[in-house]
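Student: sequence first, predicted model second:
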Amino acid sequence: MFKKLSALLAFFVYFASFNIANSQSINKSKLGEGLQFIGADSSFSLKFSTRFQMLYQGAINNSAEQLDDRFLIRRARLEFEGFAYTPKLEYKIELGLSNSDIGNDDPARFNNADNIVLDAVAMWNFAPGWELWVGQTKLPGNRERIISSQKTQFVDRSLLNSRFNIDRDTGLQLHHTHTIGTAVVRESGSISMGEGRNITVDNAGGYDYTAKVEVMPLGEFEGGGAYVGSDIYREETPKLAIAAAYNFNDNASREGGQLGDFLVDERDLRTLFVDYMFKYRGFSSMAEYVSKTAPAGPVVLTSNEGQVEETFVTGNAFNIQAGYLFPSNWEIAGRYTTYNPEKVTNLRPQKQYTLGLTKYIVGHSLKVQSDVTLQDTPGTENTYLFRVQVEVAL
């Protein structure tokens, strides 16, 4: 594994060095914007960037005598993007190098595989307002998941997202953007494999289908802010985005559809997402609701005593958060999340109350985030989680 990563990094260092010597120009070199090159004949462009997150996290409950805590590299990424042949054909490659970024297929069913590749997608602007995406990337699901982990308002995404998001998948996506008066309307749809990223075996079930509609009645956000945590651009006029998405995973084989363990049986999964984002002069608010069902029943394996041993994760969740960014670039934010799994799954519901404090030094490229969470799980003592994270993006 180490040898493979070393060879990969050596290749990209050589590639970047070659282009520094032979490129037409370096367009930008500001912190957070990466290194950018354009070929001498303008036939391609390359932007290289890297980022990592250093996290400290701790947990304690009411009766605990010892703190459970640790330091870790939560994420470490390499990103490459630009255009090839024509500016209308863009690409993005994102690699995850930390242990938290790299997952494995279930060795009981498939060959073990390191999931280093997060994104590998080509985006073709074949007509005004239309783009065709081919490859592996995030599906057009809930807003919180589409927001980059670099640009979240809190140290990490909510419990709603960890339980029900549809993550990344490999296939085709079609995106359309147009205006109706001052409103911006976006429609997107996808057909994908259904098992998530980097699955190299035959499709275990059917395909996955996603459709999404988003409306921005007050116009476009500054800097793509509809998918950026907090109002770091300080919108001069109110901005609002409202979206709904529906996902159908035909004969899913993993407990979350694209994520989680592979189970002994398959189920159709249906997921509905509804969300909004609002921003105005430093204030931001976002909320999401999700409902996931398995019409044939989520449980696929029980023990002789009737205990649930394998189940798909179904139910519903709600998340709402808001924050204010002061002129000093300190932000205080609060979040409430409730997770309600179907009773038949025997999974425990949870509620979380989170208070966050962030100092943005260079936007989302250099920041220090912290938050404290009260986790309420029926039948157990309340748990207190606290985290501090440093984000560095070059």
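Tutor: Alright, I've got the coordinates.
Student: helix or strand for residue 209, which one?
Tutor: Using DSSP states H and E, residue 209 maps to strand 208-216.
Student: neighbouring strands for that strand, and are they parallel or not?
Tutor: Neighbouring strands of strand 208-216 in its sheet, by DSSP bridges, are strand 183-192 (antiparallel), strand 239-254 (antiparallel).
Student: what are the buried residues along the last one?
Tutor: To tie it back to what came earlier, the one meant is strand 239-254. Residues of strand 239-254 classed as buried under the neighbour-count rule (16 or more other CB atoms under 10 Å) are 239-241, 243, 245-249, 251-254. Heads up, the C-betas are built off the backbone N, CA and C, glycines and all.
Student: swap in the first one?
Tutor: For strand 183-192, a neighbour-count test (16+ other CB under 10 Å) marks 184, 186, 188, 189, 190, 192 as buried.
Student: just the helices in the chain please.
Tutor: 2-22, 143-146, 159-164 (DSSP state H).
Student: comparing these by mean pLDDT, which bottoms out?
Tutor: Looking at the helices of the chain, the lowest mean pLDDT belongs to helix 2-22 (a mean of 49).
Student: where does the chain dip in pLDDT?
Tutor: Low-confidence segments of the chain (pLDDT under 70): 1-29, 103-114, 200.
Student: circling back: what's the closest of the buried residues of strand 183-192 to residue 90?
Tutor: residue 188 (15.9 Å; CB to CB).
Student: can you show me the strands along the stretch 151-300 of the chain?
Tutor: All strands of the stretch 151-300 of the chain, identified by DSSP state E, counting those that start in this stretch, fall at 168-180, 183-192, 208-216, 239-254, 262-280, 283-293, 299-302.
Student: what distance do you get for the residue positioned nearest the centre of the chain to residue 166?
Tutor: By CA atoms, centre = their mean, the chain has its centre lying nearest to residue 145, at 3.5 Å. Taking CB to CB, to the nearest Å as the measure, residue 145 falls 7 Å from residue 166.
Student: and for residue 136?
Tutor: Distance, residue 136 to residue 166, by CB to CB: 13 Å.
Student: go on, residue 312?
Tutor: 13 Å.
Student: give the residues shared as contacts by the two.
Tutor: Common neighbours of residue 312 and residue 166, using CB atoms under 8 Å, 6 or more residues apart in numbering, are residue 257.
Student: from what I can see residue 52 touches residue 392, true?
Tutor: Yes. In this structure, residue 52 is within contact of residue 392 by CB atoms under 8 Å, at 6.0 Å.
Student: more neighbours: which of residue 136 and residue 166?
Tutor: More crowded of residue 136 and residue 166, by other CB atoms under 10 Å: residue 166, with 29 against 22.
Student: look up the closest residue to the more buried one, ignoring the ones flanking it.
Tutor: With CB to CB, 6 or more residues apart in numbering as the criterion, residue 166 has its nearest non-adjacent residue at 4.3 Å, and that residue is residue 141.
Student: which residues touch that neighbour?
Tutor: Neighbour list for residue 141: 165, 166, 167, 210, 212, 245, 247, 271, 273 [criterion: CB under 8 Å, 6+ apart].
Student: now those residues as a markdown table including distance to residue 225?
Tutor: Below are the contacts of residue 141 laid out as a markdown table (distance: CB to CB, whole Å):
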| residue | distance to residue 225 |
| --- | --- |
| 165 | 21 |
| 166 | 23 |
| 167 | 23 |
| 210 | 23 |
| 212 | 18 |
| 245 | 19 |
| 247 | 25 |
| 271 | 26 |
| 273 | 19 |
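Student: and those residues, which two are furthest apart?
Tutor: It's 167 and 212 that sit farthest apart of these, by CB to CB, at 14.6 Å.
Student: so the two - more neighbours on which side?
Tutor: Neighbour tally, residue 167 and residue 212, criterion other CB under 10 Å: the higher count belongs to residue 212, 23 against 17.
Student: for that one, give the beta-bridge partners.
Tutor: Bridge pairing for residue 212 - DSSP bridges - gives residue 188, residue 245.
Student: so it makes contact with residue 185?
Tutor: No. In terms of CB under 8 Å, residue 212 does not count as a neighbour of residue 185; the distance is 11.4 Å.
Student: pull up the distance across stretch 217-231, start to finish.
Tutor: 18 Å (CA to CA, to the nearest Å).
Student: how much space between residue 44 and residue 394?
Tutor: 21 Å.
Student: now swap in residue 327 and tell me
Tutor: To residue 394, residue 327 is 26 Å away according to CB to CB.
Student: of these two, which one has the most company?
Tutor: Using other CB under 10 Å, the more surrounded residue of residue 327 and residue 394 is residue 394, with 16 against 7.
Student: so who does that one touch?
Tutor: Neighbours of residue 394 in contact, by CB under 8 Å, 6+ apart: 31, 32, 34, 49, 50, 51, 365.
Student: ok, 7 Å please
Tutor: Contacts for residue 394 (CB atoms under 7 Å, 6 or more residues apart in numbering) come out as 31, 34, 49, 50, 51.
Student: perfect, I'm done here.
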